[in-house]
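> Here is a sequence with its predicted model. Questions after.
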Amino acid sequence: MNCRKLSNARSTGVTLLELLTVIVVIAIFATMLFPMITSMMERMARANCTMNLKALFVGTELYLQDHRVWPQIDTGLLDDKTSDEYARQWIKVLTPYKVSEQSWHCPTIEKTLTQGLKDKQKEDKRIDYYPMPFDDKEITPRRWSTQPWFIERGAVHGGGNLMIFTDGSVKSLGDMLYKGK
């Protein structure tokens, strides 16, 4: 009778082989899910950039309705020494139209740049979406449907730099080059 009690007690425990099997199965599932999770995170980052570009578009559209011309910010401020001032001026122009400073920052570029930067560099103003330098004529910003209003600083989402156009559509440079649109 003691043998039966002893064999029942052993069968309720987990063997090392069973534990290793469960760990291997979990590792296989994690390996299969990792690319999907990475892809979802990349799509979320691209969606954030698209929302930022749309916010810039709406703010600029409101500015155009009020002033009838594209904001005239000196493009000479784009060199390394004064790019901070260029960013400040654009941020200042669109702030009254509810475009936050954060809307100028691509989350992917932000993540890349802030790794290892000094605190002073983190405080500098920057914009990750460059506005096109239109002249001061009323019709110019809407004249060509294939002329972007803002272009993302770097091609960090795959497919090339993101751009927003006169009609509010967001496309990547790769979409424009390879699809012929």
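Now that the structure is in, tell me what you want to look at. Numbering: from 1, shown residues only.
> center of this structure, which residue is that?
Nearest residue to the geometric centre of the chain (C-alpha atoms, centre = their mean): residue 49, 3.5 Å.
> Correct me if wrong: that residue contacts residue 104.
No: the pair residue 49 / residue 104 is not scored as a contact, 11.1 Å apart, by C-beta atoms under 8 Å. All C-beta spots, glycine's among them, are computed from the backbone N, C-alpha and C.
> that older thread, surely the residue nearest to the centre of the chain forms part of a helix?
Yes: using DSSP: H, G, I helix; E, B strand; the rest coil, the assignment for residue 49 is a helix.
> Not counting sequence-adjacent ones, nearest residue to it?
residue 106 (5.1 Å; C-beta to C-beta, 6 or more residues apart in numbering).
> I'd like the distance between the one you found and residue 87.
Between residue 106 and residue 87 the computed distance is 13 Å (C-beta to C-beta, to the nearest Å).
> Those two: who's more crowded?
Between residue 106 and residue 87, counted using other C-beta atoms under 10 Å, residue 106 has the larger neighbour count: 24 against 21.
> Now do the contacts for that one.
48, 49, 52, 128, 129, 152, 153, 154, 156 (C-beta atoms under 8 Å, 6 or more residues apart in numbering).
> again, only using 7 Å
The contact partners of residue 106, by C-beta atoms under 7 Å, 6 or more residues apart in numbering, come to 49, 52, 128, 152, 153, 156.
> Now a PyMOL select for only the buried ones of those residues.
Per 16 or more other C-beta atoms under 10 Å, the buried members of the contacts of residue 106 correspond to this PyMOL selection:
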select buried, resi 49+52+128+152+153+156
